[in-house]
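*Asks:* Structure, please.
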Amino acid sequence: MNIDRHGVDLSNGLEEVPVLLEGSSARLSRPLFQYSPENTRGPGCTVDPSEVTLPGCSCLSHSCLTESCSCLQTHGRAYDTSTGTLLNLSTTDCGYCSPVFECNALCSCSDSCSNRSVQRGLRLGLEVYSTKNKGWGVRTLQAIPCGIFVCEYAGEVISLEEARHRQLAQTSMENNYIIAVREHAGAGSVTETFVDPAAVGNVGRFLNHSCCPNLLMQPVRVHSVVPRLALFAGRNIDAREELTFDYSGGYSNQAPVEVMATQSSDDALRVSRTDGLQRKECHCGAENCVHFLPLDLSIIN
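*Replies:* Model (predicted):
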């Protein structure tokens, strides 16, 4: 597909493929934020997301094989070797998923290894545009097959205390971009990650909520123990279609619920994003729309 590289590129050349800003929107106003393709270390973050902390495999093959790769033997295969699509999409329904670990900078396999997807960055033509009643939005300029990696939700990785401070400091008219990801691994083990792309972030910050989304979020660990919040196509997506995900987490046609951080099941994932301390109207237009955006009260409690 040919992508117009002469338009306004919001990524300022930091992405392999330019993130275009719709022509009419570019003439109106350009969003003010610092573009970063990957997570950056923010206030309260104790681990640098860019630091390589995970061990690598010693595979010398073009692409890793399950029977010989320590990464795949430890964590299992995440992607289909022939299509590059995310496996076991059904297990992400309602917030349940299997952990995904990619081969990393310490691995001996090639950059084209089938266990490398998110780390290759943005490969699809995306456009940020002004929607009718939802502010900014993102649409794809090309058809996307089900299971393909689309983009990250990248920003500053911050602590719970910083997330609470930022949320309480906002007015009801401001958008809160903070994503809270809680991974439950059994026996009371919970890993929390808070990402805020308000001031530093990527194209993911412009994605709108939908009660019937076409993207699903999957934490993916590449070089660091800090997960990258990757968004995959939950179904086949047509060119020019708006890209959306469920701010309350999971991927299904059930109505989103108010998140109160009461998830306790083993191997469970809870993702949540809030937009101010007051419930805001949802304009996704889905048949199962519950008319209000999900509200996560756990950050401020």
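*Asks:* hang on, residue 190 packs against residue 160?
*Replies:* No. In this structure residue 190 lies outside contact range of residue 160 using C-beta atoms under 8 Å: 11.5 Å. The C-beta positions use only the backbone N, C-alpha and C, and glycine is treated the same way.
*Asks:* Determine the longest strand present in the protein.
*Replies:* With secondary structure taken from DSSP state E, the chain has its longest strand at strand 190-201.
*Asks:* low pLDDT regions in the chain?
*Replies:* Residue ranges of the chain with pLDDT under 70: 1-6, 26-28, 90-97, 250-278, 296-297, 301.
*Asks:* rerun that using 80 as the cut-off
*Replies:* Counting by pLDDT under 80, the low-confidence segments of the chain come to 1-7, 24-30, 89-99, 172-173, 184-188, 249-279, 295-301.
*Asks:* Helices along that one, start to end?
*Replies:* When assigned using DSSP state H, the helices of the chain occupy the ranges 23-28, 70-75, 160-168.
*Asks:* still on that earlier bit, can you spell out which helices and strands pack onto the longest strand of the chain?
*Replies:* When contacts are defined as 3 or more C-beta pairs under 8 Å, 6 or more residues apart in numbering; DSSP states H and E, strand 190-201 packs onto strand 34-35, strand 155-158, helix 160-168, strand 179-184.
*Asks:* if we can go back for a sec, of the helices of the chain, which is nearest residue 151?
*Replies:* With distances scored as C-beta to C-beta, the stretch of those nearest to residue 151 is helix 23-28 (18.3 Å).
*Asks:* Kindly provide the distance from residue 185 to residue 111.
*Replies:* When C-beta to C-beta, to the nearest Å is the yardstick, residue 185 and residue 111 sit 30 Å from each other.
*Asks:* same deal with residue 195?
*Replies:* When residue 195 is compared with residue 111 (using C-beta to C-beta), they lie 26 Å apart.
*Asks:* now residue 214
*Replies:* Spatial separation of residue 214 from residue 111 under the definition C-beta to C-beta is 29 Å.
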